[in-house]
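# Model the following, please.
(one chain, ligands or ions: 6)
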Amino acid sequence: MLAEYLVTIATLVAGASACQRDFNVAARHTHRQALSKRNDEWPPVLDDQETLLVNAFDNVTIDEWSHYYGYQNKLAGYGREAAQWTADRWSENGVDAHLSEYHVYFRYPVSASLSFTGADGQQQEVNLKEPVLEDDEATGFDVISQQTFLGYSPSGNAEAEYIYAGRGSIDDFERLVELGVSFEGKIALIKYGGLFRGLKVKNAQDHGAIAAVLFSDPGDDGNMTVANGYEAYPDGPARSPHSVQKGSTLFLSTSPGDPTTPGYPSHKDAPRADTSEVIAKIPSIPISYAAAEPLLKALDGHGLSAQQVNRTRWVGGLDAEYSSGPAPNVKLALDVVSREEIRPIHNVIGHINGTNPDETIVIGNHRDTWMVQGGNGDPNSGSAVLVEFTRAINKLRASGWQPKRNIVLASWDAEEWGLIGSTEWVEEHVDWLTDTAVAYLNIDVAVSGPRPNLATTPELHTLATNMMKKVVHPNFGGYNRSLYDAWHDVSGGVVDVLGSGSDYTPFLHRGISSFDVGSSGGANDPVWHYHSNYDTYHWMATLGDPGFSLHASQGQYLALVAYHLASDDILPIDTQNYAAELRAYYEDLAEFASEEGADLDLSELDQAINQFKDSADQVKALETLAIERDDEALKTVVNHKYRDFQRGFISQGGLPNREFYKHVVTAPGLDTGYAAVTFPGITEGVQYAENGDFAVAQEWVSKTARGIAVAAGILKT
Ligand SMILES: *[C@@H]1O[C@H](CO)[C@@H](O)[C@H](O)[C@H]1NC(C)=O
Ligand SMILES: *[C@@H]1O[C@H](CO)[C@@H](O)[C@H](O)[C@H]1NC(C)=O
Ligand SMILES: *[C@@H]1O[C@H](CO)[C@@H](O)[C@H](O)[C@H]1NC(C)=O
Ligand SMILES: *[C@@H]1O[C@H](CO)[C@@H](O)[C@H](O)[C@H]1NC(C)=O
Ligand SMILES: *[C@@H]1O[C@H](CO)[C@@H](O)[C@H](O)[C@H]1NC(C)=O
Ligand SMILES: [Zn+2]
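Ligands and ions are numbered 1, 2, ... in the order given. Coordinates of the predicted model:
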């Protein structure tokens, strides 16, 4: 996962809607209908094949796979051995697997240093290393390459006074500028959380900063903190004060994939494009909260106080006032050396052919990590589940079952750097996917805590929530509770809207139904060390999921969803729910536009949504008829409409200033990088309008309406 889950953060504050509002005023979903809480059947009723599939998940073998991945080098560009191992395991389970190679542009770390000069003129080095833990051998592997860094940071040095910029959103920077703070020639000190880290660096750069330092803050860790008396990892569940979050600084909200090959696959001799608009020009570095505390404290009483800034979550959990600074002569000096290289990456692609060659389900998980070893939450939990999935499907096939639809399995490389393996593969196979893809199912951080997360495109809500009712959650809120019960407690019964942050993105933005599942920790669960050397097998086996039972339930769930998509006579796709969601997004938009004083004419959009609803009702009636008559030809007609209708939502030129993102109904917010914005062309046209000029928003009312009308036309009978 390249971005932290929104849900985790939401649980720490005041509920999802308040939280999303702060990230992005436009990302609220107040008109959506929550599903009811009651789980109708206990124990869940499963048919024979479902039972076989669910029983095939074995925590002992999952543990074995997690252990394997936890001690392998999986850094993108250096992970071929783990790719081959994955292909071998899949092949043993009857999947026809091969490696798919691309040649990708990276900037790898060489060295970095940071020093701090206090008001007394004394200079000292800031610790950038994560100490090796005696209890956790994975943290000690190849210490030289374990250095902390931010992917794609350029080489560079900077010495200057520094300013605390909150979470580094556009709103944070603008607020400081409005109050008279200037970032010109300064270094920005930015807290993690909220928006994608690459956008924090971008915003710093856009406001004149010459470098950025990003830090973790225990204020985002809920109750499980050292300040609350919990011991830090490895002695207890709190965050290690020395853990550092690595990660990519690519400008995710405009351009995922290999930054040198926008829109086409990065084969060895592919032409390479200029990257200056999608990669930061200023150097950046991540630090731990122990390292950040004295830097923040040195700003106390200088510049603006937190109260004057008056932004939510400006103040974190460190012993400092969170003043903006700068403080006279209090400086940072940063020196980052990175090296550029084009290196081969390896996706693993596996095929199980269906009896219908023209319908395909793709199931993917990335395999690469930031750490040389480790990554047992992100993404080894998903990778272990996927290996186990091949065992389970193989058992089902041994019982005589054959999928109707092709199943393609993917273990993506270089997701962490910017969804690169999946994006390059989609760019290479886009015609075949456009012709045959029914859905893309993603599993990334299958487990980093007990709270289920679910985000899907609306036509998959019904299938996704029904299947959760068939899986037992091993340990959430008492005995005999299903995954659905746990998910309902966490989500309030509303399936998240897909933004970005994992490998479903290139599929969704080519008009393919998409699904993303995982689970994470809340305010009272052990803190997971996201993108740190401490995301290890030892953490997972002792704190995250002792016994690997959460892994098993996530696998059972994924398998049930995949099984129904691959086998059901009629695809379990609910376009009537898509119509209902479009209407809810419309109500949200109308409210937002009016609050922003945008006098838009939304009638075209309104009509298109009505037209879509009529078509969804018609195709449902046709589905009923096809079942009643048991008419194979008619079923195929219905299935192909379900497979294809999302293609209508794709706008050929892409969204304004970001051609990669083409879906007119949802996209990651420009300044969030992952939290979703609905009707992005219109909503962001309002949000970023200058001087009350809403022409772009009005133009996108028409473009959005046209996309919805095309989708309606595909469904129409
Ligand atoms: C859990 O459900 C089973 C039936 O599946 C039942 O026999 C058992 O008593 C239940 N346990 C609790 C603690 O409710
Ligand atoms: C933190 O713990 C306290 C006491 O157990 C509890 O009341 C509170 O709800 C917890 N906070 C969150 C965000 O769960
Ligand atoms: C802080 O902002 C809120 C709205 O976001 C406003 O209601 C409040 O008056 C502000 N407080 C100060 C001290 O400016
Ligand atoms: C699966 O289908 C593809 C093309 O449709 C074919 O090339 C391949 O040989 C088939 N694989 C198996 C194992 O049948
Ligand atoms: C598998 O689960 C069982 C029952 O929950 C547990 O006793 C066992 O320790 C687990 N095995 C592993 C390898 O985690
Ligand atoms: Zn991941």
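
# Would you agree residue 371 falls within a helix?
No: counting by DSSP: H, G, I helix; E, B strand; the rest coil, residue 371 falls outside a helix, being coil.

# Quick check: it vs residue 70, distance?
When Cβ to Cβ, to the nearest Å is applied, the distance between residue 371 and residue 70 equals 10 Å. The C-beta positions use only the backbone N, C-alpha and C, and glycine is treated the same way.

# Common neighbours of those two, please.
When contacts are counted by Cβ atoms under 8 Å, 6 or more residues apart in numbering, the set common to residue 371 and residue 70 consists of residue 138.

# Residue numbers of the protein in contact with ligand 2?
When proximity is defined by Cβ under 6 Å from any ligand atom, the chain lies next to ligand 2 at 12, 222, 223, 523, 524.

# rerun that using 5 Å as the cut-off
Those residues of the chain that sit near ligand 2, judged by Cβ under 5 Å from any ligand atom, are 223, 523.

# Determine the longest helix present in the chain.
Across the chain, the helix with the greatest residue count (assigned by DSSP state H) is helix 603-629.

# outside of whichever helix or strand comes after that helix, which residues touch it?
Going down the chain from helix 603-629, the next helix or strand is helix 632-644, by DSSP states H and E. Contacts with helix 632-644, where a contact means Cβ under 8 Å, 6+ apart, come from 358-359, 436-438, 459, 569-571, 573, 575, 619, 622-623, 625-627, 714-715, 717.

# Pull out the buried residues from helix 632-644.
Residues of helix 632-644 classed as buried: 634, 635, 637, 638, 639, 641, 642, 643, 644 (neighbour count, 16 or more other Cβ atoms under 10 Å).

# got a list of what the closest residue to residue 440 other than its chain neighbours touches?
In space, and not counting its chain neighbours, residue 440 is closest to residue 507: 3.8 Å by Cβ to Cβ, 6 or more residues apart in numbering. Listed by Cβ under 8 Å, 6+ apart, the contact partners of residue 507 are 362, 422, 426, 433, 437, 440, 514.

# Please tell me how far residue 507 sits from ligand 5.
When Cβ to the nearest ligand atom, to the nearest Å is applied, the distance between residue 507 and ligand 5 equals 33 Å.

# Got phi/psi on whichever residue of the stretch 501-650 of the chain sits closest to ligand 5?
When distances are taken as Cβ to the nearest ligand atom, the stretch 501-650 of the chain approaches ligand 5 most closely through residue 547, which lies 4.2 Å from it. Residue 547 adopts backbone torsions of phi 90, psi -10, taken as degrees, to the nearest 10.

# Please apply the same query to residue 557.
phi -60, psi -50.

# Equivalent analysis for residue 346, please.
phi -130, psi 110.

# Excluding covalently adjacent residues, which one is nearest to it?
With sequence-adjacent residues excluded and distances taken as Cβ to Cβ, 6+ apart, residue 346 is closest to residue 83, at 3.9 Å.

# Let's see stretch 327-341 as PDB, backbone CA atoms only.
Listed in PDB are the C-alpha atoms of stretch 327-341, where the atom choice follows Å, rounded to 0.1, in the frame of the first residue of the first chain:
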ATOM      1  CA  ALA A 327      12.900  30.600  14.900                       C
ATOM      2  CA  PRO A 328      15.800  33.000  14.300                       C
ATOM      3  CA  ASN A 329      19.000  31.100  13.400                       C
ATOM      4  CA  VAL A 330      17.400  27.700  14.200                       C
ATOM      5  CA  LYS A 331      18.300  25.700  11.200                       C
ATOM      6  CA  LEU A 332      18.400  22.400   9.500                       C
ATOM      7  CA  ALA A 333      21.000  21.200   7.100                       C
ATOM      8  CA  LEU A 334      20.100  18.300   4.900                       C
ATOM      9  CA  ASP A 335      22.200  16.400   2.400                       C
ATOM     10  CA  VAL A 336      20.600  13.700   0.300                       C
ATOM     11  CA  VAL A 337      22.400  11.700  -2.300                       C
ATOM     12  CA  SER A 338      20.400   9.400  -4.600                       C
ATOM     13  CA  ARG A 339      21.300   7.600  -7.800                       C
ATOM     14  CA  GLU A 340      19.200   7.200 -10.900                       C
ATOM     15  CA  GLU A 341      18.800   3.800 -12.600                       C
END
